Structures are given as C-alpha cells and as structure tokens.
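**Student:** with the sequence up front, the predicted model follows.
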Amino acid sequence: AQSVTQPDIHITVSEGASLELRCNYSYGATPYLFWYVQSPGQGLQLLLKYFSGDTLVQGIKGFEAEFKRSQSSFNLRKPSVHWSDAAEYFCAVGARGNEKLTFGTGTRLTIIP
Amino acid sequence: KAGVTQTPRYLIKTRGQQVTLSCSPISGHRSVSWYQQTPGQGLQFLFEYFSETQRNKGNFPGRFSGRQFSNSRSEMNVSTLELGDSALYLCASSLAGAGTGELFFGEGSRLTVL
C-alpha cells in the first residue's frame, strides 16, 4: 500500500528566508508525486508534480521539489518565502492505473515578519 | 474556464439525517474524485468516478455513496449521519483520473453534524 509521511506538522519561517518541507513516500512501483497547497477555507491547488525524467521539478509561485529515489523523498523548497505563502502544504503519491491519491497529513507553514 | 464547483458550501445536519453534496467538474473532465478532510485523519479518499462508472473506492462504510451523471457532474450521499462525519468534503476533477495527471479541486462542502 502507498503511504506518505510529512514529519513536520508546523513550520515557522521568517519572510525572505528559505524553506524546505519534507516528504517521504512508500510505494512499490514508480510513483507519481505531487505537492498541493491549501489556503484557509479553500480547496487544494497543485504546486508541482513529478511523473518521470528530471528529478528536479519546478512549480508555480517559485517552488521546486527534488525526487530522490534512494531516500524515497520528495522535498519541497523555496529560496525566499513571502507572507502569502502561509498555508497548509500537502504531499501526495499516486501511480499509473491507481485512481486515487494518498496524501500526507500536511505541514502548516507560518510566516513571521 | 470555470473551475470545479461544489454545492452547498456549508451545511448543518443532525445525527441520523442524510445529505447529498454536488460537484460540477471542469468542462471536458470525465473523472471526479471525492475526498474527506478532517483535522484528525487528514485527506481520505472516498471514491472516484469516470464516465459514470466507479473505478475505485476508499475504506468508508456503505453509508457513503456516490454517482456520476452523463454530463460528468457527480453527487455523493451520506446516509444516517454520525457526528464523526463532520468534515470538509472535497471534490476533484481531472481529464482521466489521479493516476494519469493533475487533480483540480473545488473549495469543498463543509458539513457539520450536530
């Protein structure tokens, strides 16, 4: 069975500082990996996805993530956060032929001035 | 183009009642998935429909059911509501399903069971 672990429940970062959110997955085959962001009262918006190829993927809003098969990780990074990045971030895993995504429990990001 | 639309956005029910939630996917999308989001359990997959057929189902009791119409609109129904059914129910649409691409989420229907 597939699973996703986001070890950090809550992270606080100063505006302008760099950010890294951790994600570890478990899946027997080659996974499809996603990062979604959810602002309060909103649905989820896709930040970026990895299906195959280049292991460093670029997403929207200046985010990037790196797939590391040896570590079963797909960490999300941003070089300089903005106050508007405050939200909850979810990592998810899926696969071809599997019509559901399995989500991590999320990491809540707080930005301080 | 219009996004995923969920109705109603908020609703309050009492235990034992039933509820029907609606989801209109992005035009051209044939796959609709439903997720339950709660603070304790996070995002849990309920089911996925593609061209009116349920292709996958999560680990929820039979009180949770759904359907999809020929225009790809989907409804989910929860019967005999329990307090633990209080949650944000999210609908997501995609061209061909989560296994092949991006999911586009609606803003959700927040259900409170009293």
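**Tutor:** Received it, and whenever you're ready, just let me know what you need. Numbers count the residues shown, from 1 in each chain, chains lettered A, B, ... in the order given.

**Student:** helices of chain B, start to end?
**Tutor:** Counting by DSSP state H, chain B has no helices to list.

**Student:** what bits of it have low per-residue confidence?
**Tutor:** B:1, B:99-101 (pLDDT under 70).

**Student:** just checking, A:G41 is part of a strand?
**Tutor:** No: per DSSP: H, G, I helix; E, B strand; the rest coil, A:G41 lies outside any strand segment and is coil.

**Student:** shouldn't it be in contact with B:L88?
**Tutor:** No: counting by C-beta atoms under 8 Å, B:L88 is not a contact partner of A:G41; they are 9.3 Å apart. C-beta here means a position set from N, CA and C on the backbone, and glycine is covered the same way.

**Student:** got the contact list for the helix or strand of chain A with the lowest mean pLDDT?
**Tutor:** Ranked by mean pLDDT, DSSP states H and E, the weakest helix or strand in chain A is strand A:98-103, scoring a mean of 82. Contact with strand A:98-103 is made by A:2-4, A:34, A:36, A:90-94, B:31, B:33, B:35, B:42-43, B:45, B:48, B:50, B:55-56, B:58, B:97-99, B:103, as judged by C-beta atoms under 8 Å, 6 or more residues apart in numbering or on different chains.

**Student:** could you find the closest non-adjacent residue to the residue positioned nearest the centre of chain B?
**Tutor:** Per C-alpha atoms, centre = their mean, the C-alpha nearest to the average position across chain B is that of B:W34, at 3.2 Å. Using C-beta to C-beta, 6 or more residues apart in numbering or on different chains and skipping residues adjacent in sequence, the residue nearest B:W34 is B:L46, 4.0 Å away.

**Student:** what's the answer for A:Q71, then?
**Tutor:** A:N24 (7.5 Å).

**Student:** for the one you found, give the beta-bridge partners.
**Tutor:** Note on A:N24: beta-bridge partners A:T5, A:S73, judged by DSSP bridges.

**Student:** tell me if I'm right that it and A:S70 touch.
**Tutor:** No: A:N24 is beyond contact range of A:S70, at 11.9 Å (criterion: C-beta under 8 Å).

**Student:** so for these two, which sits in the more crowded spot?
**Tutor:** Ranked by neighbour count (other C-beta atoms under 10 Å in any protein chain shown), A:N24 and A:S70 place A:N24 first, with 18 against 5.

**Student:** so what's the more buried one up against?
**Tutor:** Under the criterion of C-beta under 8 Å, 6+ apart, the neighbours of A:N24 are A:V4, A:T5, A:P7, A:Q71, A:S72, A:S73, A:F74.
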